[in-house]
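Novice: Sequence first, then the predicted structure:
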Amino acid sequence: MSSADLRYPRQTLLADYGRATAGVLLCGAPLLLLDVNRWLALILLLGFLLFAVFLARTALRHHTRYVLGPDTLCADGPAGTMVEWNRLDRLKLSYFSTKRDRSDGWMQLSVGSAGGRMIKLDSSLDGFHDVVERAAHAAETTGLPLSETTRANLKAMGISVAGQEEKV
């Protein structure tokens, strides 16, 4: 298996930059231009900080590339780290719904290996399914126990892991 260079799509990043910038401006401008009472100022400041963190997170995602190799997953960027598949000790696949009927949403994969920081990826990443498949294979190889939720989400993606069948 050769290495794959993965990034978040340009359109997704541009949309996130737009949302973050709009939030920073809409929350920050009144603080600078108007005389607002302290309770409203506190709410606006909290909103400003939230959108500023989202803007920083988007910039971090923009400047990070992920290299999926046969032995590792490497996050190459400002907060880079590496997961060694043969030392995998953490794997969590979560689904976040945006509708009550769970018909729309996104998935987030969190993986880590002994002594390293976690890598968190969401399903908008190009090649996300390949990373999840590789992580599931590594979990199977290392015998890493998976939560019921992670197993259900893997099954929803069409990925099965031997030895991780649901308990009856």
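Specialist: Yep, it's here. Residues are numbered from 1 along each chain as shown.
Novice: So which residues of this structure form helices?
Specialist: 10-33, 38-62, 128-142, 148-156 (DSSP state H).
Novice: can you put those in a markdown table and add mean neighbour count, mean pLDDT and distance to residue 105?
Specialist: No exception for glycine: its C-beta is placed from N, CA and C like everyone else's. Below are the helices of the chain laid out as a markdown table (neighbours: other Cβ atoms under 10 Å; pLDDT from 0 to 100; distance: least, Cβ to Cβ, whole Å):
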| stretch | mean neighbour count | mean pLDDT | distance to residue 105 |
| --- | --- | --- | --- |
| helix 10-33 | 14 | 97 | 15 |
| helix 38-62 | 14 | 97 | 18 |
| helix 128-142 | 19 | 95 | 14 |
| helix 148-156 | 16 | 93 | 11 |
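Novice: Which among those helices is found nearest to residue 72?
Specialist: helix 128-142 (9.8 Å; Cβ to Cβ).
Novice: related to what we said a few turns ago, dump the helices of the chain into TSV; add distance to residue 93 as well.
Specialist: Output for those, formatted as TSV (distance: least, Cβ to Cβ, whole Å):
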stretch	distance to residue 93
helix 10-33	20
helix 38-62	19
helix 128-142	7
helix 148-156	4
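Novice: and residue 95, which of those helices is closest to it?
Specialist: helix 148-156 (5.3 Å).
Novice: Walk me through the domains of the protein.
Specialist: Domains of the chain are assigned by automatic domain parsing as 8-62, 65-156.
Novice: Let me have those domains in TSV, adding distance to residue 2 as columns.
Specialist: Formatted as TSV, the domains of the chain follow (distance: least, Cβ to Cβ, whole Å):
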stretch	distance to residue 2
domain 8-62	21
domain 65-156	8
